[in-house]
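# The sequence and its predicted three-dimensional model are supplied below.
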Amino acid sequence: MKGITLLVLASMAVCSQSAAVDLLQNLSSLASVSTLAGQLWESVSGDNCEKIIVPAGHGASLFTRKNCKGDRYDVPYGARNIPSDQSERHESAVVLADHALYLYDESYGSVSSKIKNFLRISNKNVKTILDLGKVAILAAPKDRNLYVNIKDGSSTDNNLSEDAEFAAVARGNTGKCPAVPAHVAANTYPEADCSLGGVAGIGGWDQPFQVPITNGEYELDDEDEGEEDAISCIVLRGGCRMILKDTALISNDGQIEISAPPGQDKIFNLGRSNDPKLKSLDKDVNVVEAFCDGETEINILKN
């Protein structure tokens, strides 16, 4: 999938050789999803970041200078625009253990993104996700905080250093998969266990495809984002459900509904499923519907 989000899965920065071994082990066990995206972060040296205490009600802290220095913005739970006097400034981050921080390069309601996506799709909530642009996802291990610098420059033009305008924090990473933020119903991937596929970042998706509450059918478009007949793994936010459909005229595999219990994300690896119907839809879904309990609009909070 090529145009909605950028996944950057990092692990905790280390300050000694022995800790570096732990870093590699945790990176492998947590979320070895994107090698290419790994170019956009670097571990933090020194202990300045380790002294940072993220306040209650928040899941991460952003800083305007490397190594957790400079002006600070504490990211509250939920999804919202970064205040205008704080946006497009940050170069490092602290993310609490078992949390995922999502940094998007466009603010909600920005004129430039609305113009860009005006003719692309009519579904309001899907369009909002497109409007937010690309995203870096920083997912911390379950037992330790994550400390990273966001690198400057990228050959993929997915650099978010000093460029983030919208942030979301979610708690409860599941296996190798980052927690799903409150403004979407699900994160989807082309391979099992939240893998973006490809080899060394080549040949797979650049980022996961995020599905919001759809309020009806959303027809996936291979020419638009590349997700049609490509989804193999779905991480569904707690309290949400999805209807997966194959509407092809030939070899139609029908549809199935999946759901996640309230307050707990659930992973569905389609190709590994014991349910024959769900397994038959592996890389064969071309229409989805997504619903979340008590929600009809995308859940974006005001500052």
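Thanks, I have it.
# now the farthest one out in the chain, which residue is it?
Ile250 (33.1 Å; CA atoms, centre = their mean).
# Tell me the spacing between that one and Leu146.
As judged by CB to CB, to the nearest Å, Ile250 and Leu146 stand 46 Å apart. (Each C-beta comes from the backbone N, C-alpha and C, glycine too.)
# For my notes, confirm the residue farthest from the centre of the chain occurs in a helix.
No: using DSSP: H, G, I helix; E, B strand; the rest coil, the secondary structure at Ile250 is coil, not a helix.
# Now the phi/psi pair for it, please.
Dihedral pair for Ile250: phi -110, psi 140, per degrees, to the nearest 10.
# just Thr128 next, same as before
phi -60, psi -40.
# ok, now the one 3 residues further on?
Torsion angles at Asp131 (phi, psi; degrees, to the nearest 10) stand at phi -60, psi -30.
# Count the neighbours of it for me.
23 (other CB atoms under 10 Å).
# wait, it sits on Tyr108?
Yes: here Asp131 reaches Tyr108: they are 7.2 Å apart, a contact under CB atoms under 8 Å.
# Quick check: which ranges of the stretch 151-300 of the chain have low pLDDT?
Within the stretch 151-300 of the chain, the stretches with pLDDT under 70 are 151-162, 200-201, 222-226.
# would you list every one of the strands in it?
166-171, 186-189, 209-211, 218-219, 233-236, 240-246, 254-259, 266-269, 287-292 (DSSP state E, counting those that start in this stretch).
# now for the ones you listed, which one comes closest to Glu227?
Nearest to Glu227, of all the strands of the stretch 151-300 of the chain, is strand 209-211, at 4.5 Å by CB to CB.
# so what does that closest one touch, helix or strand wise?
Here strand 209-211 touches strand 186-189, going by 3 or more CB pairs under 8 Å, 6 or more residues apart in numbering; DSSP states H and E.
# The strand it packs on pairs with which strands, parallel or anti?
When pairing is defined by DSSP bridges, strand 186-189 lines up against strand 209-211 (antiparallel), strand 233-236 (antiparallel).
# So what touches the longest one?
The one in question is strand 233-236. 174, 177-178, 180, 185-195, 242, 244, 258-260, 265-270 (CB atoms under 8 Å, 6 or more residues apart in numbering).
# likewise stretch 57-71?
44-46, 48-49, 52, 54, 72-77, 82, 86, 89-96, 99, 101, 138, 147, 149, 164, 167, 169-171.
# From those, keep the buried residues only.
Using 16 or more other CB atoms under 10 Å as the burial test, the contacts of stretch 57-71 include 44, 49, 52, 54, 73-77, 82, 86, 89-96, 99, 101, 138, 147, 149, 164, 167, 169-170 as buried.
# how many neighbours does Pro55 have?
8.
# How about the secondary structure of the most centrally placed residue in the chain?
Of all residues in the chain, the one closest to the mean position by CA atoms, centre = their mean is Ile137, 5.1 Å from it. With three-state DSSP as the basis, Ile137 sits in strand.
# Over to Phe63?
When classified by three-state DSSP, Phe63 comes out as strand.
# and it, how many neighbours?
Neighbours of Phe63 using other CB under 10 Å come to 23.
# Next one: Ile53 from Thr296, what distance?
Taking CB to CB, one finds Ile53 at 37 Å from Thr296.
# which residues sit in contact with Arg241?
257-260, 290-292.
# Please indicate which of these are buried?
For the contacts of Arg241, buried by 16+ other CB under 10 Å: 258, 260, 290-292.
# For the residues you listed, give me TSV that also has distance to Thr64.
Converted to TSV, these look like this (distance: CB to CB, whole Å):
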residue	distance to Thr64
Ile258	41
Ala260	37
Ala290	36
Phe291	39
Cys292	34
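# From these, pick the one nearest Lys279.
Closest approach to Lys279 among those (CB to CB): Ile258, at 12.4 Å.
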